[in-house]
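Colleague: Sequence and predicted structure, then a few things I'm wondering about:
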Amino acid sequence: MITRGGGRRGGEGGENEGVPAKKLKKESTEKSEKVVKVKDGVGSSASMTAKVESVPTGSQKSAKVKSDKASTISSGKLGTTKLEESKKPNSKPVDAKKPKETTNVVASGAADAVVEKEPEKKKDAEVVETKPGPVKVGDLCPDIELETEVEGKFASLRSLSKDNGLIVFMYPKANTPGCTKQACGYNEHLNELEKAGYKVIGLSADKSKSQLNWKTKYSLGYSFLCDPKYELIKKLGAFKSPSGIKRSHVVIAKGGIVQQIVIQTSPLDSVNSATDFVKSL
């Protein structure tokens, strides 16, 4: 009976015959775990998931990127990102255009400023053109106050010609030979000139003291004007550059209108010409 029992067991064992008991137990345990995993729906898919997370392959990387994009689009984040990115390039050109617009405005403002200044320049030019230069016959005599031979006393041709006409003779320097001849010649004709309604005035750049001494020395019976800056002498056209005077004379009617101008003449010719002209009126 023992022999049969042993033989039956051996027949049932078949392929495991001669295998150690421990090894058989280990293999059977591994097989049973696999069967359990398949039944639970885990099996190879669970182990695959573990592999993707630990060591991703090329295809798995692209799959992950696509899934990330899909999730971003679904949440609206990608649209927001695209909108912000589209604004950035547009904002830069706008900022770049602003300085150009400012430059144009400044340039146009500068042009306007130039247009507004042009009338001012024209006005200045008009003022220069209307400034009286040397007087001409028919002009009103200059109204420039100068010191007389009496120190501290001033007068102008305009004021001196209110009540009578004037004969203004100009000379280079008081108390010199040619100038003395001219001054004394007018003094000789003084009475007839005054009867005609004209007074005689001597004009030079000499100081009042020099004029008074000369007047006293030769007993000259008329007044003098001192023009050290050549202001009136220039207006009457008798200035000689750089600091001289041309022997001349100007006849002015009562009220200040210029009647005769003689520039650069001799001492006696000045006296005779002025006297003859006044007598002819």
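Modeller: Cool, the structure landed.
Colleague: so where's the stretch 101-250 of the chain shaky on pLDDT?
Modeller: 101-132 (pLDDT under 70).
Colleague: where along it do the strands fall?
Modeller: 146-148, 154-155, 165-170, 198-204, 223-226, 239-240, 244-245, 248-252 (DSSP state E, counting those that start in this stretch).
Colleague: residues of stretch 238-258 that come out buried?
Modeller: 238-239, 245-253, 256, 258 (16 or more other CB atoms under 10 Å). Every C-beta, even on glycine, is put in place using the N, C-alpha and C of the backbone.
Colleague: Next: stretch 208-224.
Modeller: Buried-residue list, stretch 208-224, by 16+ other CB under 10 Å: Ser208, Ser210, Gln211, Leu212, Trp214, Lys215, Leu220, Tyr222, Ser223, Phe224.
Colleague: likewise stretch 173-187?
Modeller: Buried, per 16+ other CB under 10 Å, within stretch 173-187: Ala174, Cys179, Thr180, Gln182, Ala183, Gly185, Tyr186, Asn187.
Colleague: mind putting these in a markdown table, distance to Val262 included?
Modeller: Below are the buried residues of stretch 173-187 laid out as a markdown table (distance: CB to CB, whole Å):
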| residue | distance to Val262 |
| --- | --- |
| Ala174 | 20 |
| Cys179 | 16 |
| Thr180 | 19 |
| Gln182 | 12 |
| Ala183 | 16 |
| Gly185 | 14 |
| Tyr186 | 13 |
| Asn187 | 19 |
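Colleague: sorry, back to before: now, which of the buried residues of stretch 208-224 sits nearest Met170?
Modeller: Nearest to Met170 among the buried residues of stretch 208-224, counting by CB to CB, is Phe224 at 11.0 Å.
Colleague: doesn't Leu146 make contact with that closest one?
Modeller: No. Counting by CB atoms under 8 Å, Phe224 sits too far from Leu146 to count as a contact (9.5 Å).
Colleague: coming back round to it: how about the buried residues of stretch 238-258 in CSV, adding distance to Lys195?
Modeller: Shown next, in CSV, are those (distance: CB to CB, whole Å):
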residue, distance to Lys195
Ala238, 27
Phe239, 32
Ile245, 29
Lys246, 29
Arg247, 26
Ser248, 24
His249, 19
Val250, 20
Val251, 15
Ile252, 17
Ala253, 16
Gly256, 21
Val258, 22
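Colleague: Okay, Lys246 and Glu188: tell me how far apart.
Modeller: Distance of Lys246 to Glu188, given as CB to CB, to the nearest Å: 23 Å.
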